[in-house]
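K.L.:
the sequence and its predicted three-dimensional model are supplied below.
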Amino acid sequence: MLMNLSLAWRNVRRNRRRTGITSMTIALGAAALLLLGALMNYVVLEFQTSTVRRSGHVAVFQGGYFLYGAGNPAAYGIKDYDALMGDIRSDPAMQPLLRVATPVQMIAGVAGNYQAGASKTFFGQGVVPTDRLSMLTWNQHRLEGIEARSSPLTRDDGVAMGSGMARILHLCDGASPDGCPRHPTARTQPAVLSPQDEELVALSRREHAVIDDAQAGDAPRIELLAATAGGAPNVMSAAVERIDVHGARELNDNLIVMQLATAQRLVYGRGEPRATAINIQLQRTEDVPAARAGLTRLFKERGLDLEVRDFVELNALYAQTQAFFTFLFGFVALVIGAIVLFTIMNTMSMSVMERFSEIGTARALGVQRSSVRGLFILEGALQGLLGVTVGVVLAMLIVYVVNRSGLVWSPPTSAGVLPFKLYLFGSPVLIGGTWLLLIFVSAVAAWLPARRASRMPIVDALRHV
């Protein structure tokens, strides 16, 4: 074997110019494939990180909510959710996996700034601010530039809304975040309220009165109107503590985040508060299957009609993005593989033609056909090995330079500008898979010329000078 390897290496070095051109073609193809994979990895991991920060790795719902509950979340609330979270946190199988478990209440209604004559339908989330802030610090993949920029709600009646919602409700003052310009027709004086609006504002502020002006501060106020679980209207006054800029227009124009207790008062009134879901964030994404199995077992033991959904099921865009990049990577790999295939076939065919007499002499001396075929296949594999190794080194150098160049961009899931990075050094599967794939393609490409060389009649081969 060592003799065949030495002989194959000597033959590869025989025509250095041709070997160099072939190897550089393979190297450029390998580098392009690795750079695409590195970009794909970064985009997907950034998307995963932003998704897991927002909704956790898995969510627990009342049975049937995922299919039917979006239109009426109050009817699918989880009872005794505090006790349930205690069971989850104390379960031996869940303890080493768990990072945050927090209840969430979904709500839909109408938000109004009636002093400005503006109102807008909204969908909202009632959250525990400290838990949400803890979730925003999750960064398993150690991506740079995606530190949490949010602050928790500090008031019982405080809310945070998207910049689009603030713009529609005439709450932008020109000093707000990008995407929230002052409305061109915003009134400088309060609007004259209709009797119905005046009654609504008076009711909300009587039910949820601000104790004094010091507590109210300078935060603008809006009215939130929603239907309770029993179908009765419920209204309250809220202070806008923060205006956020989200990566999706749907969130900017419709989302309002509030304290969990505030959302529960709007949905359940003075009745028993429930939670729409329990969001669970794990230490590692790889633990999602184990967490799902553990939660399913726990609920079955307790006889609870609850279902578990992971973040991929809850975020269709994430699954679509991942599928798109997988298809794109496979398509580019196919194209580069075809280039390598024909390059090696052409190189090995030329090598066979130049060595007809050498092949005939070897066969005349008793060398078996399989040995001749194996030698040429080994030469093709060595050329592939040389080219793809150079390609891996080249890709690493490019990634190193790009990651330290200070380039920035706005990925699809981010509302702001982030450092442009290529995630290659933490992807041994990508590097090893590309390396092995192109060596295998090179060996396969050498098979047809090697077969031709091994099947050549000895007399015909010796005729060539």
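P.N.:
Sure thing, it's come through. Given the structure is predicted, the values throughout are model-derived calculations rather than measurements.

K.L.:
next secondary structure after the helix or strand of the chain with the lowest mean pLDDT?
P.N.:
Lowest on mean pLDDT, DSSP states H and E among the helices and strands of the chain sits helix 213-216, with a mean of 46. Moving toward the C-terminus from helix 213-216, the next helix or strand (DSSP states H and E) is strand 221-227.

K.L.:
where do the helices sit along the stretch 151-300 of the chain?
P.N.:
163-168, 195-207, 213-216, 249-254, 260-268, 288-302 (DSSP state H, counting those that start in this stretch).

K.L.:
weakest of those helices by average pLDDT?
P.N.:
When those are compared on mean pLDDT, helix 213-216 scores lowest, with a mean of 46.

K.L.:
so where's the stretch 351-465 of the chain uncertain?
P.N.:
356, 412-416, 459-465 (pLDDT under 70).

K.L.:
got the residue ranges for the strands in it?
P.N.:
All strands of the stretch 351-465 of the chain, identified by DSSP state E, counting those that start in this stretch, fall at 408-409, 418-419.

K.L.:
nearest approach to residue 128 belongs to which of these?
P.N.:
strand 418-419 (27.4 Å; C-beta to C-beta). All C-beta atoms are positioned from the backbone trio N, CA, C, and that covers glycine.

K.L.:
report the contact partners of the nearest residue to residue 227 once chain neighbours are set aside.
P.N.:
Once flanking residues are discounted, residue 227 sits nearest to residue 233: 6.1 Å by C-beta to C-beta, 6 or more residues apart in numbering. Residues counted as contacts of residue 233 (C-beta atoms under 8 Å, 6 or more residues apart in numbering) are 225-227.

K.L.:
now do the end-to-end distance for stretch 133-144.
P.N.:
Taking C-alpha to C-alpha, to the nearest Å, the first and last residues of stretch 133-144 lie 18 Å apart.

K.L.:
scratch that, stretch 86-99
P.N.:
Start-to-end, stretch 86-99 (C-alpha to C-alpha) is 13 Å.

K.L.:
can you give me the buried ones in stretch 270-290?
P.N.:
273-282, 285, 287-288 (16 or more other C-beta atoms under 10 Å).

K.L.:
show me what stretch 385-394 is in contact with.
P.N.:
12, 19, 22-31, 34, 340, 431, 434-435, 438-439, 442.

K.L.:
mind putting the strands of the stretch 351-465 of the chain into JSON lines with mean neighbour count?
P.N.:
Conversion of those to JSON lines gives the following (neighbours: other C-beta atoms under 10 Å):
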{"stretch": "strand 408-409", "mean neighbour count": "11"}
{"stretch": "strand 418-419", "mean neighbour count": "16"}
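
K.L.:
quick one: closest of these to residue 56.
P.N.:
strand 418-419 (21.8 Å).

K.L.:
which elements pack onto that closest one?
P.N.:
In terms of contacts (3 or more C-beta pairs under 8 Å, 6 or more residues apart in numbering; DSSP states H and E), strand 418-419 is packed against strand 408-409.

K.L.:
now the nearest residue to residue 7 once chain neighbours are set aside: how far from residue 434?
P.N.:
Nearest residue to residue 7 in three dimensions, chain neighbours excluded: residue 375, at 6.5 Å (C-beta to C-beta, 6+ apart). To residue 434, residue 375 is 26 Å away according to C-beta to C-beta, to the nearest Å.

K.L.:
nearest spatial neighbour of residue 363, chain-adjacent residues omitted?
P.N.:
Nearest non-adjacent residue to residue 363, counting by C-beta to C-beta, 6+ apart: residue 458, 4.6 Å away.

K.L.:
just give me the neighbour total for the one you found.
P.N.:
13 (other C-beta atoms under 10 Å).

K.L.:
do you know how far it is from residue 11?
P.N.:
20 Å.

K.L.:
report pLDDT for the residue nearest to residue 232 when sequence neighbours are not counted.
P.N.:
Nearest non-adjacent residue to residue 232, counting by C-beta to C-beta, 6+ apart: residue 269, 7.2 Å away. Per-residue confidence (pLDDT) for residue 269: 84.

K.L.:
okay but residue 269 is in contact with residue 228, surely?
P.N.:
Yes: at 4.7 Å, residue 269 counts as touching residue 228 under the criterion of C-beta atoms under 8 Å.

K.L.:
those two: which has the busier surroundings?
P.N.:
residue 228 (16 against 13).

K.L.:
how near is residue 295 to residue 288?
P.N.:
In terms of C-beta to C-beta, residue 295 sits 11 Å off from residue 288.

K.L.:
for residue 8, same thing?
P.N.:
46 Å.

K.L.:
residue 112 too?
P.N.:
To residue 288, residue 112 is 40 Å away according to C-beta to C-beta.

K.L.:
swap in residue 358?
P.N.:
Residue 358 is 58 Å from residue 288, by C-beta to C-beta.
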